[in-house]
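> Make a model of this:
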Amino acid sequence: MMSNTQYAKPEDFKWEKTKNGKFAKDGTEVKITGYKGDAAELYIPPEINGLPVVEIGSISCETLTSIVIPDSVTVIKFGFCGGLTKVVIGKNVKIIRSSSFKGNKNLTDITIPDSVESIEDWAFADCGLTNVVIGKNVKSIGNKAFSNNNLTSVVLPDGLTSIGELAFTKNKLASVTIPKGVTVISDGAFTTNALTSVTLHDGVTAIGKNAFWDNKLSGITLPDGLKSIGKQAFKKNRLKSIVIPDSVTELGENAFEFNSLTSVGIGKGITKIAWHTFDSNKLTEVVIPAHVKVFSGDGAGAFDRGVKIIRS
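Down below sits the predicted model:
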């Protein structure tokens, strides 16, 4: 921070002393629990009454348009600030708590510093984000953390190990590369985007239900180590062909429904193909290993009516 920064006054805040992250009368650190001022631009002070400010609790204020968080802070949790357009996160923040910036529709750009390790559930949900930079040390992204924004691209850091359910649902992402530390694509993680390209590494073992539902994929390579594909995982895309590796043992209902498939390769690990798995495609015939059970029936088949099943 520059020396001429005009920090907000201590009396503008509600705050408490803490020790090891918990309230303590003899605490040596400060947690801010509220804001009583009416400023448009808020520079949070790095200390109050000589004690370092290490945590920001709930701050909700309709007047705020800009917030600058000092480098003393390690944990942040905000609230709704309807006019917020700018947030500067200090370079020592490690955790962004759940719902921290949820619902701030005017927030279009955010840079998450390299210090951050965890972005919790709903942290940036329902904002107006068109651009996000995620720091290289983020390990986990929570459920719906970036849901319902306007993101067209995102670079996931190499150290990432967990992507929560519906983490990026309802954006405008065109492509995504899954880092090597992520082994499970959680339910609905990228549903309802504009994906035309998805890169999966060989360490991915599970693709959850609805993971890539409602996108624009015309092709994808499934990794050899993949074990399960959840219900509706690739439903409502534009896939023209798909090869399911021998490693896959679970294939959910409606997994590839409503695509443009003309070619399907069924791996040897599959034991059954459930209702509507490949329904509403452009298949005329498909080769299926002899041991695989294929569900069929009036209006409830695994494939469209008329598709020729060839046993191998």
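> Contacts for stretch 222-238, please.
If you take Cβ atoms under 8 Å, 6 or more residues apart in numbering as the criterion, stretch 222-238 is touched by 187, 200-218, 220, 242-260. Placement of C-beta: from N, CA and C, glycine included.
> Among the residues you listed, name the buried ones.
Neighbour counting with 16 or more other Cβ atoms under 10 Å marks 187, 200, 204, 206-215, 217, 220, 242, 244-245, 247-248, 250-259 as buried within these.
> Now intersect those with the strands, please.
Using DSSP state E, the subset of the buried ones among the contacts of stretch 222-238 located in strands is 206-207, 242, 250-251.
> which regions of the protein lie under the pLDDT threshold?
The model of the chain has pLDDT under 70 over residues 1-5, 296-300.
> Try it again at 90.
The model of the chain has pLDDT under 90 over residues 1-10, 18-27, 34-39, 57-64, 77-83, 274-275, 293-301, 305-306, 309, 312.
> Tell me which residue lies nearest the centroid of it.
Ala167 (2.3 Å; Cα atoms, centre = their mean).
> tell me which element it is part of?
For Ala167, there is no helix or strand it lies in under DSSP states H and E.
> coming back round to it: now, which of the ones in strands among the buried ones among the contacts of stretch 222-238 sits nearest Thr65?
Using Cβ to Cβ, Ile207 comes nearest to Thr65 of those, at 40.7 Å.
> Pretty sure the closest one sits against Ile185.
Yes: at 4.7 Å, Ile207 and Ile185 qualify as touching, with contact defined as Cβ atoms under 8 Å.
> Give me the secondary structure label for Glu55.
Three-state call for Glu55 (DSSP: H, G, I helix; E, B strand; the rest coil): strand.
> burial of it, as a residue count?
By other Cβ atoms under 10 Å, the residues close to Glu55 number 23.
> How much space separates it from Lys94?
Using Cβ to Cβ, to the nearest Å, we find Glu55 at a distance of 11 Å from Lys94.
> got any residues that touch both of those two?
Counting by Cβ under 8 Å, 6+ apart, the residues touching both Glu55 and Lys94 are 74-75.
> Please report the distance of Lys282 from Asn237.
Lys282 is 13 Å from Asn237, where distance means Cβ to Cβ.
> between the two, which one's more packed in?
Legend: neighbour count by other Cβ under 10 Å for Lys282 and Asn237, higher for Asn237 (26 against 12).
> Provide a list of residues in contact with the closest residue to Lys268 other than its chain neighbours.
Closest residue to Lys268 apart from its sequence neighbours, by Cβ to Cβ, 6 or more residues apart in numbering: Asp246 at 4.5 Å. Contact analysis of Asp246 by Cβ under 8 Å, 6+ apart lists 224, 267-269.
> Which of those residues fall within strands?
Going by DSSP E, the strands hold none of those.
> Of the residues you listed, keep whichever come out buried.
267, 269.
> how about the contacts of Asp246 in TSV, adding distance to Lys293?
Shown next, in TSV, are the contacts of Asp246 (distance: Cβ to Cβ, whole Å):
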residue	distance to Lys293
Asp224	24
Gly267	15
Lys268	14
Gly269	14
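> Which one of the contacts of Asp246 is nearest to Val87?
Of all these, Val87 sits closest to Asp224, with 41.8 Å by Cβ to Cβ.
> Tell me the spacing between the closest one and Leu239.
Distance from Asp224 to Leu239, counting by Cβ to Cβ: 19 Å.
> before we move on, what about Ala40?
In this view, Ala40 and Leu239 are 49 Å apart by Cβ to Cβ.
> okay, those two: which has more neighbours?
Shown here are Ala40 and Leu239; by other Cβ under 10 Å, Leu239 has more neighbours (22 against 11).
> which stretch of helix or strand covers that one?
Taking DSSP H and E as the definition, Leu239 sits outside all helices and strands.
> looking at it, it is touching Gly219, isn't it?
Yes: the pair Leu239 / Gly219 is scored as a contact, 6.6 Å apart, by Cβ under 8 Å.
> Walking through the stretch 1-150 of the chain, point out its strands one by one.
13-19, 22-23, 29-35, 41-43, 47-48, 51-56, 66-68, 75-76, 86-88, 95-96, 109-111, 118-119, 131-133, 140-141 (DSSP state E, counting those that start in this stretch).
> Quick one: list the elements packing against the fifth one.
This means strand 47-48. Where contact means 3 or more Cβ pairs under 8 Å, 6 or more residues apart in numbering; DSSP states H and E, strand 47-48 is packed against strand 29-35.
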